[in-house]
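Chemist: Everything below, folded, please.
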Amino acid sequence: MALFWVAKINDDGETTYFLQEANTQLYASLRASTAGQKGKPVESIELDAKTARKVPKKMRARALAERG
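Modeler: Next comes the predicted model:
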């Protein structure tokens, strides 16, 4: 399973970034939506294996930052 960096724009215009484990980019966005991460997906990038290993487990599948 790969790790994806996903950006979504909420209804109020804020961008939320989060990391999601999934097999494909589409599935990463879908899993984030079903987990309560609302918004329209604007970008999702697969992290390489070396970078993904550096990400702590507690940082996955949750919002990392919000910007307005």
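
Chemist: quick one, helices of the chain?
Modeler: 25-34, 49-54 (DSSP state H).

Chemist: per-stretch mean pLDDT over those helices, give me the minimum one.
Modeler: With a mean of 81, helix 25-34 has the lowest mean pLDDT of the helices of the chain.

Chemist: Next, the buried residues of that helix.
Modeler: Using 16 or more other C-beta atoms under 10 Å as the test for burial, helix 25-34 gives 25, 27-29, 31-33. Any C-beta I mention is one placed from the backbone N, CA and C, and that applies to glycine too.

Chemist: closest to Ala52 among those?
Modeler: Proximity of the buried residues of helix 25-34 to Ala52 (C-beta to C-beta) peaks at Ala28, which lies at 12.3 Å.

Chemist: thinking again about what came up before, just name the closest of the buried residues of helix 25-34 to Trp5, please.
Modeler: In terms of C-beta to C-beta, no member of the buried residues of helix 25-34 lies closer to Trp5 than Ala28, at 9.1 Å.

Chemist: In JSON lines, list the buried residues of helix 25-34 along with distance to Asn10.
Modeler: Putting the buried residues of helix 25-34 into JSON lines (distance: C-beta to C-beta, whole Å) gives the following:
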{"residue": "Gln25", "distance to Asn10": "20"}
{"residue": "Tyr27", "distance to Asn10": "21"}
{"residue": "Ala28", "distance to Asn10": "18"}
{"residue": "Ser29", "distance to Asn10": "14"}
{"residue": "Arg31", "distance to Asn10": "18"}
{"residue": "Ala32", "distance to Asn10": "12"}
{"residue": "Ser33", "distance to Asn10": "12"}
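
Chemist: circling back: I'd like the helices of the chain as JSON lines, with distance to Thr15 appended.
Modeler: What follows is those, written out as JSON lines (distance: least, C-beta to C-beta, whole Å):
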{"stretch": "helix 25-34", "distance to Thr15": "14"}
{"stretch": "helix 49-54", "distance to Thr15": "21"}
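
Chemist: how about those helices, which one is nearest Val6?
Modeler: Comparing those by their distance to Val6 (C-beta to C-beta), the top pick is helix 25-34, with 5.7 Å.
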